[in-house]
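Peer 1: Sequence first, then the predicted structure:
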Amino acid sequence: MTILDKKLEGTGTVLILGHVRPDGDCVGSCLGLLNYLENAYPQTKATVCLEAPAGKFGYMKGFDQIQTIFPQDTSYDLCICLDCSDKERLGAGAAAFQLAKDTLCIDHHITNRNYCAENVVEPNASSTCEVLFGLMDEAKITKETAACLYTGIVHDTGVFRYSCTSSKTMNIAGKLMDKGIDFSSIIDDSFFRKTYVQNQILGRALLESITFLHGKCIFSVVRLKDMDFYGVTSKDLDGIVEQLRVTEGIHCALFLYEVEPQIFKVSMRSNTALDVAKIAGYFGGGGHVKAAGCTMSGSIYDVVNNLSGHIEKQILELEAKEEEKEG
Ligand code: AMP
Ligand code: MN
Ligand code: MN
């Protein structure tokens, strides 16, 4: 019996929440759990509440049932928070979370603050979907549930490329494939496919990228006026930081987009032992060692300058350690 079974036994209403600006792992884990409950715990009445996810995730069963208006004064028997490292990241879901009779967090962020009554946090897992799979009865995972979990794993591993991918991740992905999912369509349609304007804004961001710290770092920024010009929203900016990261010789990539005038969402990626979760944490954000984010205010120059100081400090420390080893 897993902690999920213990919490669900005899439970009536379940509220499933994720983090603000939900990504593939967030939507995949929330809908994966919704579909699982329908099959394994039919006595529960589950509701998924999220900020409106990108339409490309529409193939997942239950996508149309996602509520984007958050309950304010309903007291659910159990609130399950997925892929969300702290209460603030629940966004408008925080009100209902506070009123819930019991809470459970399932996550894989190293920066998780253990804010629920029970917290299942596995920082070495590729994704929340991987952690969730471990809490489920495999026999009760339907093809529909499998498609959701596979989506989360694909997105958080960059299609099995990032260092968070383990042989366990691959084994789980294999078991999900055995459920009969259309894995090539999932990967193509939700991960690689881009609209014309998404490609245009990606191209623009690459064209305007700038390297710094002797070519070890790269950054690019998309301003509100650029998003207006191309007719895109923040949902259309997926993958830009990844393309910056794979630039030859780069230790650390930064991508900024403006959420409000002079307020920037920062995405950071590391190719080395450089710990970007630590830097994001310093500025009130969080994430993983090699992929993290935060929100910062000020001019672009100030934001990059502030981040650059922390990156440089870590690069110097790492280089000193290397020299010591060689020494
Ligand atoms: P992103 O750069 O937005 O793709 O995020 C990279 C990783 O860091 C993801 O696992 C996010 O969940 C996490 N992350 C991003 N922004 C924040 C934040 N403000 N607070 C905590 N975690 C974050
Ligand atoms: Mn996520
Ligand atoms: Mn995740």
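Peer 2: Cool, the structure landed. Numbers count the residues shown, from 1 in each chain. Ligands and ions are numbered 1, 2, ... in the order given.

Peer 1: In contact with the closest residue to ligand 1 within the stretch 51-200 of the chain: list those residues for me.
Peer 2: Closest contact between the stretch 51-200 of the chain and ligand 1, by Cβ to the nearest ligand atom, is at Ser85 (5.1 Å). For glycine as for every other residue, the C-beta is placed from the backbone atoms N, C-alpha and C. Ser85 makes contacts with His19, Asp107, His109, Thr111, Asn112, Arg113, Gly286, Gly287, as judged by Cβ atoms under 8 Å, 6 or more residues apart in numbering.

Peer 1: how does it look with 10 Å?
Peer 2: Residues in contact with Ser85 (Cβ atoms under 10 Å, 6 or more residues apart in numbering) are 19, 105, 107-115, 121, 277, 285-288.

Peer 1: So which of those residues belong to strands?
Peer 2: Cys105, Asp107, Val121, Gly286, Gly287 (DSSP state E).

Peer 1: got the contact list for Thr128?
Peer 2: Residues near Thr128 by Cβ under 10 Å, 6+ apart: 18-19, 25-26, 28-30, 32-33, 81-84, 105-109, 120-122, 149, 152-153, 156.

Peer 1: Select only the buried ones of those residues in ChimeraX?
Peer 2: Buried residues within the contacts of Thr128, by 16 or more other Cβ atoms under 10 Å, are selected in ChimeraX with:
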select :18,19,25,26,28,29,30,32,33,81,82,83,84,105,106,107,108,109,120,121,122,149,152,153,156
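
Peer 1: distance of the nearest residue to Lys216 once chain neighbours are set aside from Ile311?
Peer 2: Spatially, and ignoring its direct neighbours in sequence, Lys216 is nearest to His251 (4.4 Å; Cβ to Cβ, 6 or more residues apart in numbering). The gap separating His251 from Ile311 is 8 Å, by Cβ to Cβ, to the nearest Å.

Peer 1: Same question for Arg89.
Peer 2: Arg89 sits 23 Å away from Ile311, going by Cβ to Cβ.

Peer 1: Over to Ile186?
Peer 2: 35 Å.

Peer 1: Repeat that for Gly174.
Peer 2: Taking Cβ to Cβ, one finds Gly174 at 37 Å from Ile311.

Peer 1: With adjacent residues omitted, what lies nearest to whichever residue of the stretch 201-327 of the chain sits closest to ligand 2?
Peer 2: Here the stretch 201-327 of the chain gets closest to ligand 2 at one residue, Gly287, 8.8 Å apart by Cβ to the ion. Nearest residue to Gly287, sequence neighbours excluded (Cβ to Cβ, 6+ apart): Ala277, at 5.0 Å.

Peer 1: so the one you found touches Phe283, yeah?
Peer 2: No - assessed by Cβ atoms under 10 Å, Ala277 is found out of contact with Phe283, at 11.2 Å.

Peer 1: neighbour-wise, which of those two wins?
Peer 2: For Ala277 and Phe283, the more surrounded residue by other Cβ atoms under 10 Å is Ala277, and the numbers stand at 24 against 18.

Peer 1: give me every residue that touches the more buried one.
Peer 2: Contacts of Ala277 by Cβ under 10 Å, 6+ apart are 85, 109-111, 123, 268, 270, 285-294.

Peer 1: what does Asn119 give?
Peer 2: Ile3, Cys81, Thr103, Leu104, Cys105, Ile106, Asp107, Asn112, Arg113.

Peer 1: which element is it on?
Peer 2: Following DSSP states H and E, one finds Asn119 within strand 118-121.

Peer 1: quick one: strands adjacent to that strand?
Peer 2: Using DSSP bridges, strand 118-121 pairs in its sheet with strand 103-107 (parallel).

Peer 1: Does the partner strand reach ligand 1?
Peer 2: No - against ligand 1, strand 103-107 shows no contacts by Cβ under 6 Å from any ligand atom, the least distance being 9.1 Å.

Peer 1: Could I get the average pLDDT for that strand?
Peer 2: Strand 103-107 shows a mean pLDDT of 98.

Peer 1: For the nearest residue to Ala147 once chain neighbours are set aside, give its distance to Asp156.
Peer 2: For Ala147, ignoring the flanking residues on the chain, the nearest one in space by Cβ to Cβ, 6+ apart is Ile181 at 4.6 Å. Relative to Asp156, Ile181 is positioned 17 Å away (Cβ to Cβ).

Peer 1: do the same with Asp238
Peer 2: 12 Å.

Peer 1: Give me the common contacts of these two.
Peer 2: Common neighbours of Asp238 and Asp156 (Cβ under 10 Å, 6+ apart) are Asp23, Gly24.

Peer 1: now stretch 80-99: how far from the chain's centre is it?
Peer 2: On the basis of Cα atoms, centre = their mean, to the nearest Å, stretch 80-99 is displaced by 14 Å from the centre of the chain it belongs to.

Peer 1: CA-only coordinates of that stretch in CSV, if you can.
Peer 2: Extracted as CSV, the C-alpha positions of stretch 80-99 are listed here (Å, rounded to 0.1, in the frame of the first residue of the first chain):
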residue,chain,number,x,y,z
ILE,A,80,-2.9,16.7,-4.0
CYS,A,81,-0.3,19.1,-5.2
LEU,A,82,1.8,17.9,-8.2
ASP,A,83,5.1,19.1,-9.6
CYS,A,84,4.9,22.2,-7.3
SER,A,85,7.7,23.0,-5.0
ASP,A,86,6.1,25.6,-2.7
LYS,A,87,2.7,27.1,-1.8
GLU,A,88,3.3,30.3,-3.7
ARG,A,89,3.7,28.3,-6.9
LEU,A,90,0.2,27.0,-6.5
GLY,A,91,-0.9,30.5,-7.6
ALA,A,92,-4.7,31.0,-7.3
GLY,A,93,-4.9,27.4,-6.0
ALA,A,94,-3.5,28.4,-2.6
ALA,A,95,-6.9,29.4,-1.2
ALA,A,96,-8.5,26.0,-1.7
PHE,A,97,-5.2,24.3,-0.6
GLN,A,98,-5.5,26.1,2.8
LEU,A,99,-9.1,24.9,3.3
